[in-house]
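> From the sequence below, what's the structure:
(chains A, B and C)
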Amino acid sequence: MASTRSTLQPPLEKHSATTLEQRYFVSAQLFAREQQEIFARSWLLAGHVNDIPNPGDYFLANVAGESLIIVRDATADVRACYNVCRHRGTRICENESGSVRILQCPYHNWSYGLDGRLLAAPHMDEVTGFSKDEYSLAQVNVGVWEGFIFVSLEPDQLPLSDWFAPLTGKFSPWNLARLNCVRRITYDVRANWKLIFQNYSECYHCPGVHPALSKLTPYDSAENDLCEGPFLGGFMPIRRGHSLTLSGNASARPVGDVPSEYNHRVLYYSIFPNMLLSMHPDYVMVHQVWPRATDRTLIFCDWLFHPNAAGSSNYNPEDAIEFWDMTNKQDWHVCELSQQGIASRAYKPGPYSSRESIPAAWDREYLRHMS
Amino acid sequence: MASTRSTLQPPLEKHSATTLEQRYFVSAQLFAREQQEIFARSWLLAGHVNDIPNPGDYFLANVAGESLIIVRDATADVRACYNVCRHRGTRICENESGSVRILQCPYHNWSYGLDGRLLAAPHMDEVTGFSKDEYSLAQVNVGVWEGFIFVSLEPDQLPLSDWFAPLTGKFSPWNLARLNCVRRITYDVRANWKLIFQNYSECYHCPGVHPALSKLTPYDSAENDLCEGPFLGGFMPIRRGHSLTLSGNASARPVGDVPSEYNHRVLYYSIFPNMLLSMHPDYVMVHQVWPRATDRTLIFCDWLFHPNAAGSSNYNPEDAIEFWDMTNKQDWHVCELSQQGIASRAYKPGPYSSRESIPAAWDREYLRHMS
Amino acid sequence: MASTRSTLQPPLEKHSATTLEQRYFVSAQLFAREQQEIFARSWLLAGHVNDIPNPGDYFLANVAGESLIIVRDATADVRACYNVCRHRGTRICENESGSVRILQCPYHNWSYGLDGRLLAAPHMDEVTGFSKDEYSLAQVNVGVWEGFIFVSLEPDQLPLSDWFAPLTGKFSPWNLARLNCVRRITYDVRANWKLIFQNYSECYHCPGVHPALSKLTPYDSAENDLCEGPFLGGFMPIRRGHSLTLSGNASARPVGDVPSEYNHRVLYYSIFPNMLLSMHPDYVMVHQVWPRATDRTLIFCDWLFHPNAAGSSNYNPEDAIEFWDMTNKQDWHVCELSQQGIASRAYKPGPYSSRESIPAAWDREYLRHMS
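From the prediction side, this is the model:
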């Protein structure tokens, strides 16, 4: 479906590259179409395998308006099902995460196994023709890539491995599957979700918006190697001897076993349509981007560290978390200012600069899904 | 219009009885149609005659989006009119209840009698052709059944006595008309109003949802005698020597003069479309159910006691009120969980159990009104 | 477009004068049409020249959903432009008012002159065919009448001087252009904007709503000299030796050099569609009326005094401000009560009294714009 080109140089900026038309940011109809055409049909990042290490561990995900239960079943497989009892439609799990032996509806005590099969339903044996086999919880596709759990509401979904084939092995040195999430911060941003991606995809804004970041990584130093399609991004050099933290020091032992030139690089990749993957030498930051309305986006930002990070003498995760919490908020603020202005009758698509080839490519990928 | 069958046995559950389709819980169009076809056309519970004992006593009711003034007039009749001045449309009464001599608009001091006739309108005699007779407050049908005040926005309404003919005399031993409301608690529930009725109409949920209630009335002991039509319900036995209170003791002297077998019974009846009537030996609980949106319902719960209850040594109304406040909240919570799940694309009408014949009958009555 | 008739007697009230139909107060479609046909096409009061005395001084105005920057440019002219960057649509100014040298977008540092011309856009010289000349900020018509700043989103707008031709010289003795705003109070009123104008245009409501005001100006003493068209109003006598203040004393030295008979008069004029101008001997009160929804209006109320008022011994602006803040709130409250009642199915247009000829004239002007 999408092809990736490997090059360290950005492509020549076409003169005609401009921002998206207003309607893509303000139309409720187009928002509904995005939810249906993109979010109900794509593989979507929902969490990490180490969030649910043991059988019965679960967390809830809210996908395209749906509450899903993501659970590790008795055979240690990760499964996903709708959080909707087959009796009278009641939510089965209320807590955002937890550990259970069975999935029991709180209303009339219908009980399901971790695999979704109906195990017990009081008094239903008195109903002629009722068969438990017909009332399993509705299942949802689930897959794991590099330790990250993806779900898809689309029943006829491409296997996740096919979806991620262009990236096979690319991030293996970072050992993403063994990392542990140390912190999640949730942001409620009054801006369209696409503005979050466009913001992430360029550092043209860094001088004005991120003075601290700009001291550690020169804003015009990005070298992109994925320049078209659903996976976009590249790396930026980090000042020698520094890390992207408040103090500038490394916040933990290295997460992976990376080629030496990556000891001073941060990698930024967007994974269409809801993942931002930022790999530092000492930690990994992952954003989940969840559209809630034309002008509202929920963002979960997770910080992952080496599983044995806590044992190293330089371990200081707050140094990294606070640095990016500050930087995130700077980004969300300008996204919100853009959302406000784009809604104006004076807004017209504006010209992308030579430093905004990746936002332009992201827009093209988006339009391919919407056409 | 509706017939009632008197039987102590629930009818055979049809195999095909399932919950309502999703659209009845989430469609704004169907909500508007319910308001028009059901709430603007039915007799609706609005209060009790003892809430306004004296001429000039009034309370406001919000019916299908309309503010109504329910007032006892100079001849001691109960009347109802729209709370809308005929001059410039201003609300006349602002307080939820009170006592007045006349109904005077606060804007330009137009004054109406308790019967709604325009008495005075400053400077209007200077307007050619103006006649006070043409500017009475718009009247609304009102009636009293067993002491409860009902209103109807439908001008061509069936008399209330015809409406309640199937129940004539049935509840006379409880002396409902002489009881006094001791407490009202208002609940704002994030669930469709029909879920409130379905919840009230079965005790299949009691083991999981109401542990305290289940100890006092066995969940599977209901004996229904009204099983089809707008009036549905029956009784459940109460453990000998107990009452439905926190302590288990009676909270007041008996409300009525009931046959001895009713000394240990609680009667639960739903009166379509907005009344739940729960008669205990020592008190009566009445719910008014007011739909506000597809996913929001306002509920007024009143506790009524014998007019001389305060004089009896065992009088402890809080014991009953707190018991049911706790139980009410348990119910509203599972109704809210159902509302959330029913909105899912995974929801399909589910099979009612053998213990849910009354919810199924209520659904049939509802669909008759909507067809 | 509109003609004004000069007469000290109100015209004969036509028997048929009634309030507007319900739809004008509740229909979202009609609200959108008002915004387009009236607020996007008229000259609208936005502020006063003395709010931005020096080059670079600016304030924001929210007009028909648009954020505008009203700024005094380098040549001391007042200018207005959309607050929308031509690059990616971002809001340029965030603070409601301030002083700047250039207009710089906070996102990517595109910089504009006070006249809106694009001065600098980093890296855009690398984009083939890009010309700064094509990316000025979108301009908005602006004009000044008696010191008040008016804006218009309509590109083909009549000059402001033509608009106000019928009032040329009428208010010159009040020296409005030299006054200073001492206080602004913002009111968020849950009522349709037209109810604000109808309320302002009659004192028939004063006996019931404004007991303090009625003592200082008899409610039935209004003498109107503008009785048809976009400018409506006249004067009311003030009790000799008094002022419209809490204490009844003058709150400052006279604002103007008015004919002696005006030393005991307050002038009330409505300027269609968003200005209320109330001229007292000792201060001037100006309301800006901004519709936000069918049932919500934002009102800015400014109190202006003589530029040297602070030097006079009787200077006590709070005495006037608190008097009218109290009176304003009394008015907004009955407007809110009217909004509620007008939404009822029982509402029908009601008869205007002989004291409500100006509201009736205002309605006619409104309907001319909507036809």
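> Right, and chain C sits closest to which residue of the stretch 151-300 of chain A?
A:Gly208 (4.6 Å; Cβ to the nearest Cβ). (C-beta placed from N, C-alpha, C; glycine too.)
> Get me the contact residues on the stretch 51-200 of chain A for chain B.
On the criterion Cβ under 8 Å from any Cβ of the partner chain, chain B has as its neighbours in the stretch 51-200 of chain A the residues A:65-67, A:82-92, A:94, A:106-109, A:121-124, A:126-130, A:135, A:138, A:153.
> what's near enough to touch the residue of the stretch 151-300 of chain A closest to chain C?
Contact partners of A:Gly208, counting by Cβ atoms under 8 Å, 6 or more residues apart in numbering or on different chains, are C:Pro106, C:Tyr107, C:His108, C:Asn109.
> Would you confirm that A:Tyr187 belongs to a helix?
No. Read with DSSP: H, G, I helix; E, B strand; the rest coil, A:Tyr187 is strand and lies in no helix.
> got the residue ranges for the helices in the stretch 201-350 of chain A?
A:206-209, A:211-216, A:317-342 (DSSP state H, counting those that start in this stretch).
> Tell me which residue of the stretch 151-300 of chain A lies closest to chain B.
A:Leu153 (7.8 Å).
> Please give me every residue in contact with the closest residue to that residue other than its chain neighbours.
Using Cβ to Cβ, 6 or more residues apart in numbering or on different chains and skipping the chain neighbours, the partner closest in space to A:Leu153 is A:Ala40 (4.7 Å). Residues in contact with A:Ala40 (Cβ under 8 Å, 6+ apart) are A:Ala64, A:Leu153, A:Glu154.
> so where's the stretch 201-350 of chain A shaky on pLDDT?
Within the stretch 201-350 of chain A, not a single segment meets pLDDT under 70.
> interface residues of it facing chain C?
A:204-205, A:207-209, A:334, A:337-338, A:340-348, A:350.
> any idea how far the nearest residue to A:Arg239 once chain neighbours are set aside is from A:Tyr268?
Closest residue to A:Arg239 apart from its sequence neighbours, by Cβ to Cβ, 6+ apart: A:Leu216 at 5.4 Å. Per Cβ to Cβ, to the nearest Å, A:Leu216 is found 14 Å from A:Tyr268.
> more crowded one of the two?
Taking other Cβ atoms under 10 Å in any protein chain shown, A:Leu216 and A:Tyr268 do not tie; A:Tyr268 has more neighbours (22 against 18).
> list the contacts for that one?
A:Tyr200, A:Ala222, A:Gly233, A:Gly234, A:Phe235, A:Met236, A:Leu276, A:Leu277, A:Ser278.
> Neighbours of the second one, how many?
The reference is to A:Ala222. 23.
> Please name the bridge partners of the residue nearest to it when sequence neighbours are not counted.
Ranked by Cβ to Cβ, 6+ apart and with sequence neighbours excluded, the top spatial neighbour of A:Ala222 is A:Met236, at 5.0 Å. Beta-bridge pairing for A:Met236 (DSSP bridges): A:Val266.
> Tell me how far A:Met236 lies from A:His210.
12 Å.
> So those two - more neighbours on which side?
A:Met236 (23 against 19).
> Against B:Gln36, how distant is the more buried one?
Taken as Cβ to Cβ, the span from A:Met236 to B:Gln36 is 61 Å.
> just the buried members of the contacts of A:Tyr268?
Those of the contacts of A:Tyr268 that meet the buried threshold are A:Tyr200, A:Ala222, A:Gly233, A:Gly234, A:Phe235, A:Met236, A:Leu276, A:Leu277, A:Ser278, by 16 or more other Cβ atoms under 10 Å in any protein chain shown.
> show me the contacts for A:Gln339.
By Cβ under 8 Å, 6+ apart, the neighbours of A:Gln339 are A:Phe25, A:Arg190, A:Ala191, A:Asn192, A:Leu195, A:Asp295.
> Please report the distance of the first one from A:Met124.
To tie it back to what came earlier, the one meant is A:Phe25. A:Phe25 is 49 Å from A:Met124, by Cβ to Cβ.
> Can you pick out the residue with more neighbours from the two?
Comparing A:Phe25 with A:Met124 by other Cβ under 10 Å, the one with more neighbours is A:Phe25, at 24 against 20.
> Contacts only, for that one.
By Cβ under 8 Å, 6+ apart, the neighbours of A:Phe25 are A:Asn192, A:Lys194, A:Leu195, A:Thr294, A:Asp295, A:Gln339, A:Ile342, A:Ala343.
> ok, 7 Å please
A:Asn192, A:Thr294, A:Gln339, A:Ile342 (Cβ atoms under 7 Å, 6 or more residues apart in numbering or on different chains).
> Please apply the same query to A:His242.
Contacts of A:His242 (Cβ under 7 Å, 6+ apart): A:Leu216, A:Gly248.
> Please apply the same query to the one 4 residues further on.
For A:Leu246, the contacting residues are A:Asp319, A:Glu322, A:Phe323, by Cβ under 7 Å, 6+ apart.
> mind putting these in JSON lines, distance to A:Gln29 included?
Formatted as JSON lines, the contacts of A:Leu246 follow (distance: Cβ to Cβ, whole Å):
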{"residue": "A:Asp319", "distance to A:Gln29": "45"}
{"residue": "A:Glu322", "distance to A:Gln29": "40"}
{"residue": "A:Phe323", "distance to A:Gln29": "39"}
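> can I get these in CSV with neighbour count and distance to B:Gly98?
CSV is the format used below for the contacts of A:Leu246 (neighbours: other Cβ atoms under 10 Å in any protein chain shown; distance: Cβ to Cβ, whole Å):
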residue, neighbour count, distance to B:Gly98
A:Asp319, 21, 63
A:Glu322, 14, 57
A:Phe323, 21, 60
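> Closest to chain C out of those residues?
Of the contacts of A:Leu246, the one sitting nearest to chain C (Cβ to the nearest Cβ) turns out to be A:Phe323, at 20.6 Å.
> buried ones in stretch A:240-253?
Buried, per 16+ other Cβ under 10 Å, within stretch A:240-253: A:Ser243, A:Leu244, A:Thr245, A:Leu246, A:Gly248, A:Ala250, A:Ser251, A:Ala252, A:Arg253.
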